[in-house]
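Enquirer: just a sequence and a predicted model for now, questions to come.
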Amino acid sequence: MAQVSIVTSQAGALIGNDCAMRFLFVGDSMTIGSSGDFTWRYRMWQHLEATLPGGYAIVGPRTELYDTGANAPVSYAYGDPAFPLAARRHLAGWGEGWLHMAPAIAPTVAATRADVLLVSLGLIDLGFYTDSEQTAANARAFITAARTANPHIKAVLLPVIPNIRAESDAPFAAECDLFNVLLAKAVADLDEPTSPVLLASRPTAYDIHEDTYDGTHPGPTGEHKLAAAFADAMHQAWGVGGPYSTG
């Protein structure tokens, strides 16, 4: 049974009746993916095709994957070459976090007319740029900025999930845990009926030794679990789409 979302939004019934939703994926290396990956974005596209056919669009200024050899986002070698170009759109970057996306989100929302943000950020911030409190402040700034471009923007935020560094670095693990607490508080503070913000649950039974290929970046099973976290949160809290299925 899917885990219920940590924070349920105030805006449930209205969102389920939206006739079209423009989804923008926002994330770091786990979201952009690298050459040969399917990505969890691909798994979400499949879910949206199955549960909201004709009732959604995927938007964003980028379509590429990261090429580790070139050390740049220049690859288009998705695991499924038939992944439609329009569905590959995103705002994700290798090494980019809340720190980078907070100033980028307003112009992106304005340009793409996005109305639903699916956001997976935080790990890279805590690992390289900011502590838990600064990272949470940047997450708040991100939502505030998005609302300047669309006062009715909807957002689903994923907490920091298990990763290889947290397994062996106790202080870093503590920072991840504290950030997740602060993120939950931010969601509770920022959630509004006209601009709902939802905190998804950490993926159920996520195992970095089985669901990633390097302890951080998701493999196929991990991609499904990340997509399911977003899909089930929207379905349970807002009545959007349906339960996630890998069948």
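Expert: That came through fine.
Enquirer: skip ahead from the longest helix seen in the chain and say which helix or strand is next.
Expert: Taking DSSP state H as the criterion, the chain has its longest helix at helix 170-190. For helix 170-190, the following helix or strand on the C-terminal side (DSSP states H and E) is strand 197-199.
Enquirer: which elements pack onto that next one?
Expert: strand 154-158, helix 170-190, helix 220-238 (3 or more Cβ pairs under 8 Å, 6 or more residues apart in numbering; DSSP states H and E). The way it works is simple: take the backbone N, C-alpha and C, and place the C-beta from them, glycine included.
Enquirer: same list, the ones you listed, but as a markdown table with distance to residue 29 please.
Expert: As requested, those are exported to a markdown table (distance: least, Cβ to Cβ, whole Å):
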| stretch | distance to residue 29 |
| --- | --- |
| strand 154-158 | 14 |
| helix 170-190 | 16 |
| helix 220-238 | 13 |
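Enquirer: can you list these in TSV and add distance to residue 40 and mean pLDDT?
Expert: Shown next, in TSV, are those (distance: least, Cβ to Cβ, whole Å; pLDDT from 0 to 100):
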stretch	distance to residue 40	mean pLDDT
strand 154-158	10	98
helix 170-190	19	98
helix 220-238	4	97
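Enquirer: residue 207 is nearest to which of those?
Expert: Counting by Cβ to Cβ, residue 207 lies closest to helix 220-238 out of the helices and strands packed on strand 197-199; the figure is 8.5 Å.
Enquirer: any idea how far residue 106 lies from residue 114?
Expert: 11 Å (Cβ to Cβ, to the nearest Å).
Enquirer: between those two, which is the more surrounded one?
Expert: Set residue 106 next to residue 114 and count neighbours by other Cβ atoms under 10 Å: residue 114 wins out with 29 against 18.
Enquirer: so the more buried one makes contact with residue 153?
Expert: Yes. Residue 114 is in contact with residue 153 according to Cβ atoms under 8 Å; the separation is 7.2 Å.
Enquirer: how about low-confidence regions in this structure?
Expert: 1-19, 247 (pLDDT under 70).
Enquirer: returning to what we had before: in the longest helix of the chain, what's buried?
Expert: By neighbour count with 16 or more other Cβ atoms under 10 Å, helix 170-190 contains the buried residues 172-173, 175-176, 178-180, 182-184, 186-187, 190.
Enquirer: same check, this time on stretch 87-97
Expert: Quick answer for stretch 87-97 (16+ other Cβ under 10 Å): 87, 88, 89, 90, 91, 92, 93, 94, 96, 97.
Enquirer: what's the distance between that stretch and the middle of its chain?
Expert: 10 Å (Cα atoms, centre = their mean, to the nearest Å).
Enquirer: how about residues contacting that stretch?
Expert: Here stretch 87-97 makes contact (Cβ atoms under 8 Å, 6 or more residues apart in numbering) with 24-29, 31-32, 34, 41-42, 45, 58-63, 66, 73, 78, 100-101, 104-105, 108, 112, 121-125, 128-130, 135, 138.
Enquirer: quick one on the thing from earlier: distance to residue 236 and secondary structure for the buried residues of stretch 87-97 - can I get that in JSON lines?
Expert: Listed next are these as JSON lines, based on distance: Cβ to Cβ, whole Å; DSSP: H, G, I helix; E, B strand; the rest coil:
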{"residue": "87", "distance to residue 236": "24", "secondary structure": "helix"}
{"residue": "88", "distance to residue 236": "27", "secondary structure": "helix"}
{"residue": "89", "distance to residue 236": "26", "secondary structure": "coil"}
{"residue": "90", "distance to residue 236": "24", "secondary structure": "strand"}
{"residue": "91", "distance to residue 236": "25", "secondary structure": "strand"}
{"residue": "92", "distance to residue 236": "25", "secondary structure": "strand"}
{"residue": "93", "distance to residue 236": "29", "secondary structure": "coil"}
{"residue": "94", "distance to residue 236": "31", "secondary structure": "coil"}
{"residue": "96", "distance to residue 236": "29", "secondary structure": "coil"}
{"residue": "97", "distance to residue 236": "27", "secondary structure": "coil"}
